[in-house]
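>>> using only what follows, build the 3D model:
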Amino acid sequence: MVENVIIIGGGPAGLSAAIYTAREGFNPLVIAGSLPGGQLLNTTIVENIPGFPEGIEGPEYINRLNQQATKFGARIINEDARDIDIKNKPFKVMTSSNTYEAKSIIIATGANPKKLGIPGEDKFTGRGVSTCATCDAAFFKNKNVVVVGGGDTAMEDADFLTRFANHVTIIHRRDSFRASKIMQERVFNNKKIDILWNTVVKEIKGDTKVRSIIIENLKTNETKEMSIDGVFVAIGYAPNTSFLIGKLELDEQGYIKVEDDVITSIKGVFAAGDVADKFYRQATTAAAAGVKAALRVREYLRSIE
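Numbering: from 1, shown residues only. Got it, this is the predicted structure:
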């Protein structure tokens, strides 16, 4: 059986694409992954999704998208896409147990924030540890927080957090930032931001939420405990595109290159969400990209009838 469309990914982008393609009667197959839902699975209350004034739990939001997609006829399987063949038609998507064929594909495999890999990081994710300042800054109003990183994302996060937090400390393992000059100047001129150079976070501690961190000065080897209310990790993202290397045009960071937001280098193959988006990284923008990709699929399938 050759599917009209296979959607790879079970986060907001993939499921939004599923809703739209299902309503078009394309009976989409969603290869959602063995742990579907993307970054929202590790998110507690999400307050910036339109239509949920009281907020909604990340997993509950994904569950509702699943229900809506299947209501209109989408079929969702919790398998990981291991490989893909887009040189020949029909396209093929391979999982560990099956090979699926399709006339079109939407890739919505997302990106994962890079981790520090230290004790307490996973334990307190969603309870004081965050990788999204624009998502979670409002939870830290009048609190003291740290941002770990030295690139543009870290600078942007630190600057944004000062709109809510009482004080922000940037912790960077080197003695200079790699961020753009304008972003560095913005941080240096912000009186609510301090910087700890040549320093790393060794451990995150707390009870029901983050209370402190253990930091180490790399020049003196001195360690100390620092009381803090929140830790924002801003050391970059890794798009989930390892299975696409050599098969689809990717940029130097591994993100899928797209035109008009969702059109890839292969006709009939589209991308949506964080797998192609290095800037916005929001559930709502990922969902919007999924809709765009679905509409492009409709256009493409009509053109090959």
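>>> ok, now which ones touch residue 31?
Residues near residue 31 by Cβ atoms under 8 Å, 6 or more residues apart in numbering: 6-9, 77, 79-81, 93, 95, 100. (Glycine included, C-beta is placed from N, CA and C.)
>>> for stretch 94-107, buried residues please.
Buried residues in stretch 94-107, counted by 16 or more other Cβ atoms under 10 Å: 94-95, 100, 102-107.
>>> distance from the chain centre to the helix or strand of the chain with the lowest mean pLDDT, please.
Every helix and strand of the chain was ranked by mean pLDDT, DSSP states H and E. The lowest is strand 45-46, at a mean of 82. With Cα atoms, centre = their mean, to the nearest Å as the basis, strand 45-46 stands 15 Å off its chain's centre.
>>> parallel or antiparallel, which strands does the following helix or strand past that strand pair with?
Following strand 45-46 in sequence order, the next helix or strand is strand 56-57 (DSSP states H and E). Strand pairing for strand 56-57, using DSSP bridges, gives strand 45-46 (antiparallel).
>>> now stretch 13-31: mean pLDDT?
Averaging pLDDT along stretch 13-31 yields 98.
>>> for the one helix or strand residue 20 maps to, which residues meet the burial criterion?
Per DSSP H and E, residue 20 falls inside helix 12-23. Buried residues in helix 12-23, counted by 16+ other Cβ under 10 Å: 12-22.
>>> isn't residue 98 right next to residue 82, touching?
No - with contacts defined as Cβ atoms under 8 Å, residue 98 does not count as touching residue 82, sitting 10.1 Å away.
>>> give me the element the closest residue to residue 208 other than its chain neighbours is part of.
The shortest distance from residue 208 to any non-neighbouring residue, by Cβ to Cβ, 6 or more residues apart in numbering, is to residue 127 (6.8 Å). For residue 127, there is no host helix or strand (DSSP H and E).
>>> where does residue 127 land on pLDDT?
With respect to pLDDT, residue 127 scores 94.
>>> touching, it and residue 205? I think so.
No - shown here, residue 127 and residue 205 do not form a contact pair, counting by Cβ under 8 Å, at 12.0 Å.
>>> can you pull out the low-pLDDT segments for the stretch 1-150 of the chain?
The model of the stretch 1-150 of the chain has pLDDT under 70 over residues 42, 44.
>>> where exactly do the helices run in it?
Taking DSSP state H, counting those that start in this stretch as the test, the helices found in the stretch 1-150 of the chain are 12-23, 58-71, 133-136.
>>> what's the closest of these to residue 253?
Of all the helices of the stretch 1-150 of the chain, it is helix 12-23 that lies closest to residue 253, at 18.2 Å by Cβ to Cβ.
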